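>>> Below: sequence and its predicted model.
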Amino acid sequence: MRIFLDTNVLICAVASRGLCADVMREVLISHKLVICEPLINELQRNLKNKIKLSDELIEEFISFLQKDSIKVNPEKVITINGIDENDRKILTCAIHRNAEVFVTGDKELLDLRKIVNRTIISPREFWERSKR
């Protein structure tokens, strides 16, 4: 299955050894991770400014993610009322590359539940579904 992990899930996966790290590991082992340039840019910015990782560690992590991922960079961003532009860019990437599931901790996005036949779920929901 093609899975898109939102920036907040990837940051939590790097910052802790909890659920998001388990979710990322499960996706990398059993599914195809979908990524895009807006996600990479946001991830780099947040890992540097919020988590205070070194440029070298950030680059290693980004390279690791890109190694076996499906990368997409759509030109036209979809319109979704009430969602900020960064989130719209990232959702657009998931849609254009046919990610079946979008995993996020962002309440605004979770409230959508589904967009263009893509399921939007929390890391906990993904974990529970994957273990059934």
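Done, it's in.
>>> so where is the chain shaky, pLDDT-wise?
74-75 (pLDDT under 70).
>>> Tell me how many other residues crowd Arg118.
17 (other C-beta atoms under 10 Å). (Each C-beta comes from the backbone N, C-alpha and C, glycine too.)
>>> How about the contacts made by it?
94-95, 99-102 (C-beta atoms under 8 Å, 6 or more residues apart in numbering).
>>> Between all of these, which two are at the greatest distance?
Ile95 and Val101 (11.9 Å; C-beta to C-beta).
>>> Thr92 versus the closest residue to Gly18 other than its chain neighbours, what's the distance?
Closest residue in space to Gly18, ignoring its immediate chain neighbours: Cys12 at 7.1 Å, by C-beta to C-beta, 6 or more residues apart in numbering. As judged by C-beta to C-beta, to the nearest Å, Cys12 and Thr92 stand 23 Å apart.
>>> SS state for Val34?
strand (DSSP: H, G, I helix; E, B strand; the rest coil).
>>> ugh, wrong one, I meant Ile78
coil.
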